[in-house]
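# what's the 3D shape of this:
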Amino acid sequence: MTIALDRRGFLAAGGAFTLSFVVTPLAGAQQAAAGSPWTAYLTIGTDGRIALMSPTTEMGQGTHTAHAAIIADEIGVPLNWVKVDTPMPSDPFRRGGSMGSGGSAGVRAWWDPLRKVGASARQSLINAAAAKAGLPAAEVSIQDGQVRRGGKILMPLGEAARLAATAPPAEGTPRDPATYRYVGKQTPRVDIPAKVRGEPVFSQDFTRPGMVYACAVLSPVWTGLARQINEAPALAVKGVQRVVTFPGGAAVIAGTQWAAMKGAGALEVSWASTAYDGLSSAAISAAMLAGLDKDGEALQARADGDAAAALSGAARIVEADYEVPYIAHTPMEPWNVTVEPTADGGLEIWGPFQTQDRNRNTAAKVAGLDPSKVKLHTLMLGGGFGRRLGDDGLPAAVLTALAVKKPVKFFWRREDEIGQGYYRPAQVARMRAGLDATGKVIALHVRTAGPSMRQSFSPAGLPKGEVDGSSVQTLTDTLYRTGAYRVDWVRVDQVVPMAPWRAVGATQNGYFMEAFLDEVAKAAGKDPVALRRELLAHDPRALKVIDRAAAAGDWGKPLPAGRARGFAFVYSYGSLCAQVVEASLENGEVRVHRVTCAIDCARVVTPDGARNQMEGGIVQGLSSALFEGIEVGNGACENRNFDSYRIMRINEAPAVIETHFIENDQVIGGIGEPGLPPATPALVNALFALTGKPIRKLPIMAQLADA
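Prediction:
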C-alpha cells in the first residue's frame, strides 16, 4: 500500500497559516474499500492542533480513534490534540472519487498511509525548526507536542507548522511501532467523553430552524404504488399540516414528530396490485432450492481440478443442503434524513451516511441539480451494519422538501425500517464432499443459489452471465485445501431489496462451509478441529489461529452435563478468525454460555475498540443464527417490529466472550466484520454435537419449534 504526498499550499484563515498534507491510498487500499479512490487531508494549525479530514464514517466502531492514535504517535503529540472529522463530498478537504465506508477498511486501508503522512509531517516540522535554530535536523525531535533538542524545548509545534508551511514537504520514516504511546495500547475512545455527556447530535435528533417533520407511509408490498389516498383522517390530527405524495407512498407533514406519526397512522391508502402480491417465504425458498438442480444455469466461480471426476471416484460421498433467510439490519435508529432547500436553488442535507457521494448524487438527480449544488453533511449514526450504505429513502425525502419548501426531517417508522429496508440476501447451498477410504477429503463441490445482491443494490446491477461475488464470498477465497474443489452459483432473483449486511456473504457462506465440515468430520470419524487442521496443514498462520482458539476455548476438555462445544474458522476481510462456542438446550431454549475467539488481523491498532468489535460481531452472529429472519407473506414483510422480528436480548447473550489477538508482520486485516461469520456455525456445531442432529436451515429457534 502506498501514498502520494502533495503540498496543497498553505491555507490562510484569519491570518493563521496551516501546514497541510494530502493522504491518498492507492491501488491496494482502494481495492480494500470497494474501489473508492478517496483522499484525506491532514492539517496542522498555528496552535499545534491537528485536524484529519477522513472520508471514513465513524459509526461507533472507533475508526476515528484509531486514525487519531496513528497520527498522534507518528507526529508525537497528545491524543487529544488530534481531531478527526468526516468532510462533505464536495468539501475542499476531499477531491474526486466516490466517498464511502465499508468492507472493514476503516483502519486497514489507512494504517500505512496515515503512518507515512504522519512521518512526513513530523519530518517537515523538524526540518523547519532545525533550520530556524541553526541545528542539524538529526538533533531535533517532537515529543508531547513540543519541538525539542534533547531536554530543551526549541519552539511550540504551531510555530514549527508556520515555518514549515513555506517549504516543500519532507520525506519521513515512520516510527517503530514498539515506541508508540497510543497504538496497540488501551487507548481511550476519543468520542466517548462527549457521548457520556450527551453532546453528540445523532441524525434523528438533528434540527434546523423552521423545520417540519415528515413521516413516510410506504407500500407494504415491494414496488407497490398508491391507487387512492384519503388525506382527511390524517389532516384531522392536531399538528398535521399537509400530505405530500411520492412514488411508492406519501409523507404526512407536521410540526412535531409525534403528530406526523399519528397522522401517518390515520392516513387511508388503497394500494394498487402488483405482480408480487402473492409472494411468500415458501415460494422464495422453493425457487432457490429448485435452482440447485439447474446445472445448465450454474456459473462457475472457482475450479481446482476436476471435482466431478474426483467425486465419482470417492469411497464415500457426504451431501447436505443448507438455507438462510433474508435478514434485516435493525439499527436502533430507523432511516431518517434532514433536507433543506437553499436560497441559491440548491439543497443542504444532513444524515447518517456511509456512502456520501452516492447519496449526494441521488439527491441531485431527483432535484434536477448539478451535484455541486448539494451540500451533504454526515451526522452520527444510530447503528449502521451496512444499512447506511444505501440511498433508498432519499428520493422521497428530496421530493417532500421541494414540495413544502422548508427544512424537512423525513423519517421512517420502525415498521418500515424492518418491513421496507434493505436485507441480507436469502440463499441456499448444496455441499458435496468426497472422501477416500481413509476419510481424507479428496473433493468438494459447493453450489449456492439465490438472488443477486449486486443486482438489487448496485446502480449498475449485475450483467447476465456474471457471478455475484457476495454470493460466493469466502468460498472462492477459502484457505482450506480439499483436493479437487469447485464453486458455482445459480442466480434466482427476487423483488426483495438487498444490500450488504455486516460481513456480507461471509455470513451465509461461512455457515454453509463450517456447518458442513462438522458433518464431514462425523462421517469420517474425526474430531472437527482435527479435520480443519488437515485441511489447513499447508498454512501455519491459519493453524496458529485454530490452535489458539481451541486451547483457549478448552476444546476436548470435559463439560457439565447437557453442554457441548462447537468450532468454526472463517477467513474474511484479510483476517483469520476461529471461535469456540459453548452452549446448551434448556427447556427447548438455546443458551450460549461462553464464546472464545482467536483472530489474526496482523496488527491491532486500538485493542479496546477491536475487542468491542469482535464482541459486537459475535453477539450479532449469534442473534441472527438463533432468531432472525424476514417472514414474507402476500408480497410483504410480515414481522415488522421487535415483537415479531426477534434479536438477541441482554439476558440471552453469552456471559463470557474472550478474544485473543494474534499479531505479526503480515498485511493488516479488518476487524469490524470478521468476528461475525464464525459465530453462527460455531453455535450450530455445538448444537449438532449436543443433539446429533445437524441444523441446515436458519434461524435455529424456528427449526427447533417446528421439530
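
# From residue 489, how far off is residue 291?
Residue 291 sits 9 Å away from residue 489, taking C-beta to C-beta, to the nearest Å as the criterion. All C-beta spots, glycine's among them, are computed from the backbone N, C-alpha and C.

# who has more neighbours, those two?
A count of neighbours by other C-beta atoms under 10 Å puts residue 489 above the other of residue 291 and residue 489, at 26 against 21.

# which neighbours do residue 291 and residue 489 share?
Counting by C-beta atoms under 8 Å, 6 or more residues apart in numbering, the shared contacts of residue 291 and residue 489 are residue 449.

# And the next helix or strand past the top helix by length along the chain?
Of all segments of type helix in the chain, defined using DSSP state H, the longest is helix 111-133. Sequence order places strand 141-143 as the next helix or strand after helix 111-133, per DSSP states H and E.

# Show the subsequent helix or strand relative to that next one.
Taking DSSP H and E, what comes next after strand 141-143 is strand 146-149.

# Toward the C-terminus from that next one, list the very next helix or strand.
Counting by DSSP H and E, the element after strand 146-149 in chain order, helix or strand, is strand 152-156.

# Can you check what angle separates the very next helix or strand once past that following strand from strand 152-156?
Sequence order places helix 157-164 as the next helix or strand after strand 152-156, per DSSP H and E. Inter-element angle recorded for helix 157-164 and strand 152-156: 70 degrees (by axes from the mean of the first three to the mean of the last three C-alpha atoms, to 10 degrees).

# can you give me the mean pLDDT across the biggest strand by length in the chain?
Using DSSP state E to define each element, the chain has its longest strand at strand 589-602. The average pLDDT within strand 589-602 is 98.

# Show me what counts as buried in that strand.
For strand 589-602, burial by neighbour count (16 or more other C-beta atoms under 10 Å) applies to 590, 592-602.

# before we move on, the earlier item: gap between the longest helix of the chain and the chain center?
33 Å (C-alpha atoms, centre = their mean, to the nearest Å).

# Which residues in it does the neighbour count mark as buried?
Neighbour-count burial for helix 111-133 flags 111-130, 132 (criterion: 16+ other C-beta under 10 Å).

# can you count the residues close to the residue nearest to residue 379 when sequence neighbours are not counted?
Counting by C-beta to C-beta, 6 or more residues apart in numbering, residue 203 is the residue found nearest to residue 379 once chain neighbours are left out, at 4.3 Å. Residues within reach of residue 203, counting by other C-beta under 10 Å, total 23.

# Does residue 203 touch residue 383 like I think?
No. Taking C-beta atoms under 8 Å as the definition, residue 203 is not a contact partner of residue 383, at 10.7 Å.

# still on that earlier bit, nearest to residue 187, of the buried residues of strand 589-602?
The shortest approach to residue 187 among the buried residues of strand 589-602 belongs to residue 601, at 16.4 Å (C-beta to C-beta).

# distance of the closest one from residue 263?
Distance from residue 601 to residue 263, counting by C-beta to C-beta: 49 Å.

# One more: residue 202?
Taking C-beta to C-beta, one finds residue 202 at 24 Å from residue 263.

# where do the strands sit along the stretch 451-600 of the chain?
Counting by DSSP state E, counting those that start in this stretch, the stretch 451-600 of the chain has strands at residues 484-491, 563-572, 575-586, 589-602.

# Return the list of helices and strands in contact with the last one.
In terms of contact count using 3 or more C-beta pairs under 8 Å, 6 or more residues apart in numbering; DSSP states H and E, strand 589-602 is assigned the packing partners helix 540-552, strand 575-586, helix 607-626, strand 656-663, helix 679-691, helix 700-706.

# May I have the fourth one as CSV, with CA atoms only?
Just to be clear, that refers to strand 656-663. Extracted C-alpha coordinates of strand 656-663, given in CSV (Å, rounded to 0.1, in the frame of the first residue of the first chain):
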residue,chain,number,x,y,z
VAL,A,656,-18.3,-14.8,28.8
ILE,A,657,-16.7,-13.7,25.5
GLU,A,658,-13.0,-13.9,25.3
THR,A,659,-11.0,-12.5,22.4
HIS,A,660,-7.3,-13.5,21.8
PHE,A,661,-5.4,-11.3,19.2
ILE,A,662,-2.6,-12.8,17.2
GLU,A,663,-0.2,-10.1,15.8
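
# So what would you say the end-to-end distance of stretch 667-679 is?
Stretch 667-679 has an end-to-end distance of 24 Å (criterion: C-alpha to C-alpha, to the nearest Å).

# can you tell me the average pLDDT over that stretch?
97.

# Would you mind listing the buried residues in it?
Within stretch 667-679, the residues that count as buried by 16+ other C-beta under 10 Å are 668-679.

# which residues touch residue 259?
Residues in contact with residue 259 (C-beta under 8 Å, 6+ apart) are 213, 237-240.

# and it, what helix or strand is that in?
helix 257-266.

# which is the next helix or strand following that helix?
Next helix or strand after helix 257-266 toward the C-terminus (DSSP H and E): strand 268-271.

# Show me what residue 434 is bridged to.
Taking DSSP bridges as the rule, residue 434 bridges to residue 317, residue 443.

# Can you give me the pLDDT of it?
Confidence at residue 434, expressed as pLDDT, is 98.

# swap in residue 638?
97.

# Same question for residue 625.
What the model reports for residue 625 is a pLDDT of 98.

# Could you do residue 290 as well?
Note for residue 290: predicted pLDDT of 98.

# got a list of what it touches?
Here residue 290 is in contact with residue 492 (C-beta under 8 Å, 6+ apart).

# For it, give me phi and psi.
Main-chain torsions, residue 290, degrees, to the nearest 10: phi -60, psi -30.

# average pLDDT for the helix or strand in which residue 363 is found?
Per DSSP H and E, residue 363 falls inside helix 356-367. Mean per-residue pLDDT for helix 356-367: 96.

# in that helix, what counts as buried?
For helix 356-367, by 16+ other C-beta under 10 Å, it's 356-364, 366-367.

# residue contacts, residue 622?
Residue 622 sits next to 581, 592, 595, 648, 653-654, 679-680, 683 when contact means C-beta under 8 Å, 6+ apart.

# what's the most distant pair in those residues?
Farthest-apart pair in the contacts of residue 622 is 653 and 680; separation 14.8 Å (C-beta to C-beta).

# More neighbours: which of those two?
Between residue 653 and residue 680, counted using other C-beta under 10 Å, the more crowded position is residue 680 (33 against 15).

# could the buried residues of helix 356-367 be laid out in a markdown table, adding distance to residue 432?
Below are the buried residues of helix 356-367 laid out as a markdown table (distance: C-beta to C-beta, whole Å):
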| residue | distance to residue 432 |
| --- | --- |
| 356 | 44 |
| 357 | 43 |
| 358 | 39 |
| 359 | 43 |
| 360 | 47 |
| 361 | 44 |
| 362 | 43 |
| 363 | 48 |
| 364 | 49 |
| 366 | 48 |
| 367 | 52 |
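
# can you give me the helices for the stretch 301-450 of the chain?
307-312, 356-367, 394-404, 414-420 (DSSP state H, counting those that start in this stretch).

# likewise the stretch 151-300 of the chain?
157-164, 192-196, 232-235, 257-266, 281-291.

# Let's have the ones you listed in CSV, adding distance to residue 545.
Formatted as CSV, these follow (distance: least, C-beta to C-beta, whole Å):
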stretch, distance to residue 545
helix 157-164, 41
helix 192-196, 30
helix 232-235, 57
helix 257-266, 48
helix 281-291, 32
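
# for the ones you listed, which one ends up most surrounded?
Neighbour counts (mean count of other C-beta atoms under 10 Å) averaged over each of the helices of the stretch 151-300 of the chain peak at helix 157-164, with a mean of 24.

# where in the stretch 401-550 of the chain is pLDDT low?
Filtered on pLDDT under 70, the stretch 401-550 of the chain yields no residues whatsoever.

# what bits of the stretch 1-150 of the chain have low per-residue confidence?
Scanning the stretch 1-150 of the chain for pLDDT under 70 picks out 1-18, 24-38, 92-97.

# now do 80
The stretch 1-150 of the chain contains residues with pLDDT under 80 at 1-19, 21-39, 90-98.

# residue ranges of the strands in it, please?
So, for the stretch 1-150 of the chain - with DSSP E, counting those that start in this stretch - the strands run 3-4, 11-13, 16-25, 40-44, 50-53, 82-85, 141-143, 146-149.
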